[in-house]
Structures are given as structure tokens and as C-alpha cells.
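S.K.: quick one, fold the following:
(chains A and B)
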Protein chains: 2
Amino acid sequence: MDKQQLIDCHERIKPFIHNTPVLTSRLINKIVGAHLYFKCENFQRMGAFKMRGAVNAIMQLTKEQKQGGVVTHSSGNFAQALSLSALSLGVKAYIVMPSSAPEVKKEAVRSYGGILIECEPTLEARERESERIVKEKGATFIHPSNDDHVILGQGTACKELLELHPDLDYVITPVGGGGLIAGSALAAHYFGNDCKTIGGEPFEVDDAYRSLHSGKIETNTSTNTIADGLKTQLGDRNFPIIQKHVDEIVRVTEEEIVSAMQLIWERLKIVCEPSSAVALAAIFKRKEKLSNKKIGVLISGGNVDLSALPF
Amino acid sequence: MDKQQLIDCHERIKPFIHNTPVLTSRLINKIVGAHLYFKCENFQRMGAFKMRGAVNAIMQLTKEQKQGGVVTHSSGNFAQALSLSALSLGVKAYIVMPSSAPEVKKEAVRSYGGILIECEPTLEARERESERIVKEKGATFIHPSNDDHVILGQGTACKELLELHPDLDYVITPVGGGGLIAGSALAAHYFGNDCKTIGGEPFEVDDAYRSLHSGKIETNTSTNTIADGLKTQLGDRNFPIIQKHVDEIVRVTEEEIVSAMQLIWERLKIVCEPSSAVALAAIFKRKEKLSNKKIGVLISGGNVDLSALPF
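M.R.: Next up is the predicted model:
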């Protein structure tokens, strides 16, 4: 994926996304000993960066494909992102979700106009249902992260950040499926001035960390983390980009995630997901290396269940 | 207080405050049936609009007065605001606070360079201590809300909002001591285009509502509300302005406050105080009157104890 593709993608999706604000905190800078610029994708439409990739992926379809609609399986932010993107573009979105998913997530998809398809809570059932809809409705399957158009879309958040602050030394993002960090690493490479990309990942789902060390895609055997957005599996479209363009992946504990999340809420006065706090937690873990650097931090989203907060 | 005084005040304090962002939410607009513009003073320095009035009050002192420092009694946002303003202006700030106040509030004052003076938890003790410091240190007492310079400073938030959206039909603020609503009402009067001001007040501390109806300043016998910033008493500097320039004061229940607060957190993705939610709760209470109107909403602050949330 070259520089021009990222520029074209950004121009294409601009009418459908917010150029989200960048916040700073003197106190957090003092604690960390560096200059942090928080790119607040919690203020993005539907509350997360996922909107960017979803819009781009749908816009790349042919007229015929658009008529058949799109389908994905997700119980997270991508389900809402694809629903709202499809609604904005006049396309049908089928969302396959386990029947066991929380009612609030089902309702969010419906409120954005998505057509909810419930299935048994197994990966096999989800894939079978998705395939059925592809066949029966002529819908196009769109993967939440392992898709070049999705990766390009996610990269536009980092591109916007570098347009405001072209001299960042580092960009830090959380790592889940790998769409955000791969897109950000491409943007940092093409638009930064020697800007390096670092990923933050929970110890509990450290497939990207282990993959980077072994040289092949590793999987997670358990997903016991509060960072629910990062439980997904690294894919073969993201992994080569991460291998080529990511400086390192830093693992953090659950306690470090909660503590960073609390600092963001208390000092930036924003509601962010535990997944977003993983990036700040990684910075704390690398205080010496990052001392006095200018660092962009991707706040990935703000869709949190307020009745189940960790503090 | 005339228009020019408000303009001069704003120019004076600009280097020491943030012009805070204005957020909107399509979903909240849909629920309310009006167009809401949230002026986010939770992003103000030290986390609340109080910074504006505190800076202005200190800047109005003579050189001799500044040398003696300033003193106030508060365990809320004004304590932090006066401390940080004084620090920014090279002035000493003495903060009288009951010894029973939470350690986190004492620490916040110290972290902004305020000199903490603890006393017994009675109004009498607080006033006695303040007077002692005025006498012994030559400090100038600054009231958190019942002070013309403080009122003017608080009005600059609404002035900024009207600079962005000159055609607002209404501005809604919470009502506590009355500094914010009096300043906002002046700003709406001088800079709005027939822009009316409405106050939101908890039933539990409805001194302003009752004062407006009886024509004299009423007091609260109890202060049993979650909106801790609104427990303070209306003053004789604010009351005449409110009588002259405020359209009405709308009372809301504790349940309505919590429900509005949850909506703000979930949809705007910001951390705001219960006091701030009182303004949105008042809008829900006047849905018919406000139908389709353009409304500015003052989000007063974001200093919340995350370990004691109501949801």
C-alpha cells in the first residue's frame, strides 16, 4: 500500500468521518516526562476509529456489490461502524452476532440501521452464518481488521495527527486485530519525519508480540483481559506491515491498563475504552526510552459499559 | 456591569485560560428534539469554569494587594481555581478548607501551589480563619461566586460560545452560588441575538428558584444533592442580575440529574460533574418550550471522584 493510496483513501472518506480533536495534559506530560498528543477517536462517529476503515471498505465496492450489501461478524465496535457506514452510504449491512452478546450491543447495531443476524456463540457458527448471507443475499464479507481497505482507513487517524504535529518522534497505538497499528505505521512511515510506531498489547492477549518474535502469526489460547477490543487475532494482511514498520510491541498488565485508564479519565476528562488505555500504559513501561520525546497516542474509542467500570 | 467590562475581562484573562471546545451529538439532539451545543468547561484548566473568574479577580488587584496574596474558603473547584490562578500570576493563595475534606481535594490544592489552611468543619470556623489570614498576611479575600470580577470572568465562557454560534436561542447553565448563571446571562444579553438564559437547579437546593419567586434571597435548609458544586448559597451580587436577565430557573430531581449525566458520558464521551448534568436535565424538563431551538449548554466541570459514580 503506497502513499498515494493513503492520501486517496483519506480524501474519499472525509465527508463521512470527523477530524477528531487532539488533547494534551500538562500533568500527564509531567508524570510521563514526555510530550503527549492524544488523538481522540472516542469522539469519532459511533465512538471509535473503526468508522474510518468501514467507510473506506464499503466505498471501494462496485455498484453491483453495493446493491448486495455487506456482512461482517463482530460483537464489538466494527459491528456498529459497518452499520453506520452502510447507512451513510445507502447500503445494507448484515451483522452476525452471537445470541449471547449483551442486549446493549445488539441495540446499538439496530440503532445504526444494521440488520442483526443472531447465531450460536462459536466461531464456526459465525463463519457459517456469514457465508450463508454472502450466498443468499449476494452480500460482500468485510473483515474488521484483516483487509487492506480497512487498514488504509484506520491509518487516516494517524495521518490527521501528523498533519497537526508533523514532528512526532513516536506514535503509539493499542494492538488487537492489527488494523489500527498497521494503518498507523504506514501513515507514520509516509507522513512522519522519522516517526516510529510502537504498539501496546495486554500480556493476556500477546499474539502480536509473540508473532513479531517468532516471525510467524501466533494465536491466543485465552483472552482474559479487560481490554475487550484487543481480544481479536492478528491477521496475515496486517502482520507483514507490522514486521516491516513497527519499532516494538510493549506488553502491559491488567493493573497497568486500569491505572492508565483512570489517569486518562481523571486528567483528560474523556471517556475511553480500556483498550485505549493500553497505549498510555505502554508509554509508562518505556519511560526512559521515550523521555522528552513528542509522542502521538491513539485513543481508539469510547464505547464503555458505565455500569461495569473497573474503578 | 456593562458590555465593555465583559470584553475587557475576556481580553485580560485570555492568556491564562483555554477557549474550550464545543461538542455536539446527533443522537442527543434527536432525543431532545433541539440543537444542543455543549461548551465543555470540563476541559478548562484545573477542570472547571471557575478558573476564569479566579484569574480575573486576581488580575484586578493592585500591586500591593497582590503582594499580600489572596484567600478564600472552599473545598470545591474554586479552591483549585484560585490556587492555579495565583500560581500562574505569581501570587500566594491561602485556601481555608475543613479538616474533614477528602484528602484528594487537599492534595489537588497543594499540587496547584495553594497554601492549605485546615480548620474545623463549620462556617464560623472557616470565616474566622479567613479573617485571620486577611489580618495577619495582608491577603485579599475573594469570594467563589459573589464577586463582580468573578461573575464577569465566568461570563466569558458563554461569550466564547456565542462567538462560535451567534444565533443561539437559549443558554442553559447550572445554578449554585450564581456566578456562572449571572455571568452567562450578562454575556447572552450583550452578545446574543435575543438569546435567553435558563438555569437548572436541583429540587434539593432550590434557593435560586425560590428567591426568584419570592423576590428576596432564600436559603437552603438541607443540601442533599449529588450535584456537590451547587450546594452553595446565592449571593446579593448575583441575585439582581438573575432577576433582571434570567428567563426562568427549572428544578430537576436527583434521578433526572443522574440520567442526564449518564447520557452525556455515554454519548459525548466526556467526564463531567453531576452539577453539569443539571443543565441537560433542565432541557429535558422543558422539551416542548425548547423544541427545535438552538441551545448552548454549559458543561461546568469534570472533577469527579471516579470511585463514587452513581452508575
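S.K.: and the nearest residue to A:Arg267 once chain neighbours are set aside, how many neighbours?
M.R.: Spatially, and ignoring its direct neighbours in sequence, A:Arg267 is nearest to A:Ser25 (4.8 Å; C-beta to C-beta, 6 or more residues apart in numbering or on different chains). Just so you know, the C-beta spots here come from the backbone N, C-alpha and C atoms, and that holds for glycine as well. Using other C-beta atoms under 10 Å in any protein chain shown, A:Ser25 has 18 other residues around it.
S.K.: show the pLDDT at A:Ser25.
M.R.: Predicted confidence (pLDDT) for A:Ser25: 95.
S.K.: A:Gly183 contacts A:Glu160, correct?
M.R.: No. With contact defined as C-beta atoms under 8 Å, A:Gly183 does not count as touching A:Glu160 (11.8 Å).
S.K.: neighbour-wise, which of the two wins?
M.R.: Using other C-beta under 10 Å as the criterion, A:Gly183 and A:Glu160 rank with A:Gly183 on top: 34 against 22.
S.K.: would that one count as being in a strand?
M.R.: No. Going by DSSP: H, G, I helix; E, B strand; the rest coil, the assignment for A:Gly183 is helix, not a strand.
S.K.: which non-adjacent residue is nearest it?
M.R.: Nearest non-adjacent residue to A:Gly183, counting by C-beta to C-beta, 6+ apart: A:Gly155, 2.9 Å away.
S.K.: A helix includes that neighbour, no?
M.R.: Yes. The assignment for A:Gly155 by three-state DSSP puts it in a helix.
S.K.: against A:Asp147, how distant is it?
M.R.: 13 Å (C-beta to C-beta, to the nearest Å).
S.K.: of those two, which one has the most company?
M.R.: Counted by other C-beta under 10 Å, A:Gly155 and A:Asp147 do not tie: A:Gly155 has more neighbours, with 33 against 23.
S.K.: where does the prediction get shaky in the stretch 51-200 of chain A?
M.R.: The stretch 51-200 of chain A contains no residues with pLDDT under 70.
S.K.: and the spatially closest residue to A:Leu164 that is not a sequence neighbour, what does it touch?
M.R.: In this structure, A:Leu164 finds its nearest non-sequential neighbour in A:Val22, 5.7 Å apart by C-beta to C-beta, 6+ apart. With contact set as C-beta atoms under 8 Å, 6 or more residues apart in numbering or on different chains, A:Val22 has these partners: A:Tyr37, A:Phe38, A:Lys39, A:Cys40, A:Leu161, A:Leu164, A:His165.
S.K.: in strands, which of those residues fall?
M.R.: Among the contacts of A:Val22, the ones falling in strands (DSSP state E) are A:Tyr37, A:Phe38, A:Lys39, A:Cys40.
S.K.: who wins for most neighbours among those residues?
M.R.: A:Lys39 (28 neighbours).
S.K.: residues contacting the nearest residue to it once chain neighbours are set aside?
M.R.: Spatial nearest neighbour of A:Lys39, excluding adjacent residues (C-beta to C-beta, 6+ apart): A:Leu161 at 4.5 Å. Contact criterion C-beta under 8 Å, 6+ apart gives A:Val22, A:Tyr37, A:Lys39, A:Leu168, A:Val171, A:Gly296, A:Leu298 as the residues in contact with A:Leu161.
S.K.: so can I have CSV of these showing distance to B:Cys119 and secondary structure?
M.R.: Formatted as CSV, the contacts of A:Leu161 follow (distance: C-beta to C-beta, whole Å; DSSP: H, G, I helix; E, B strand; the rest coil):
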residue, distance to B:Cys119, secondary structure
A:Val22, 42, strand
A:Tyr37, 42, strand
A:Lys39, 45, strand
A:Leu168, 48, coil
A:Val171, 49, strand
A:Gly296, 46, strand
A:Leu298, 46, strand
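S.K.: tell me the one of those nearest B:Ile17?
M.R.: A:Val22 (18.8 Å; C-beta to C-beta).
S.K.: next up, the contacts around the closest residue to chain B within the stretch 151-300 of chain A.
M.R.: As assessed by C-beta to the nearest C-beta, chain B sits closest to A:Lys269 within the stretch 151-300 of chain A, at 3.7 Å. Each residue near A:Lys269 by C-beta under 8 Å, 6+ apart is listed here: B:Asn42, B:Phe43, B:Gly47, B:Ile270, B:Val271, B:Cys272, B:Gly302.
S.K.: and those residues, which two are the farthest apart?
M.R.: Largest separation among the contacts of A:Lys269 by C-beta to C-beta: B:Gly47 and B:Ile270, giving 11.4 Å.
S.K.: give me the common contacts of the two.
M.R.: In contact with both B:Gly47 and B:Ile270: A:Lys269, B:Gly302, using C-beta under 8 Å, 6+ apart.
S.K.: just the strands in the stretch 51-200 of chain A please.
M.R.: With strands called from DSSP state E, counting those that start in this stretch, the stretch 51-200 of chain A shows them at A:70-73, A:93-98, A:115-119, A:140-141, A:170-174, A:196-202.
S.K.: is stretch A:281-300 positioned near chain B?
M.R.: No. Among the residues of stretch A:281-300, none lie within reach of chain B under C-beta under 8 Å from any C-beta of the partner chain; the closest is 9.4 Å away.
S.K.: kindly report the same for stretch A:227-238.
M.R.: No. Stretch A:227-238 is not in contact with chain B by C-beta under 8 Å from any C-beta; minimum separation 14.7 Å.
S.K.: gap between the two ends of that stretch?
M.R.: Taking C-alpha to C-alpha, to the nearest Å, stretch A:227-238 runs 20 Å from one end to the other.
S.K.: neighbours of the residue in the stretch 51-200 of chain A positioned nearest to chain B, how many?
M.R.: Minimum separation of the stretch 51-200 of chain A from chain B (C-beta to the nearest C-beta) falls at A:Ser111, amounting to 8.1 Å. A:Ser111 has 14 neighbours, counted by other C-beta under 10 Å.
S.K.: and what of the one 5 residues further on?
M.R.: By the criterion of other C-beta under 10 Å, A:Leu116 has 18 neighbours.
S.K.: cool, and A:Asp207?
M.R.: By other C-beta under 10 Å, the residues close to A:Asp207 number 25.
S.K.: doesn't A:Asn220 make contact with it?
M.R.: Yes. Counting by C-beta under 8 Å, A:Asp207 does reach A:Asn220; the two are 4.9 Å apart.
S.K.: could you check how far A:Ala34 is from A:Lys294?
M.R.: Here the criterion is C-beta to C-beta. By it, A:Ala34 lies 7 Å from A:Lys294.
S.K.: which of these two has more residues huddled nearby?
M.R.: More crowded of A:Ala34 and A:Lys294, by other C-beta under 10 Å: A:Ala34, with 20 against 15.
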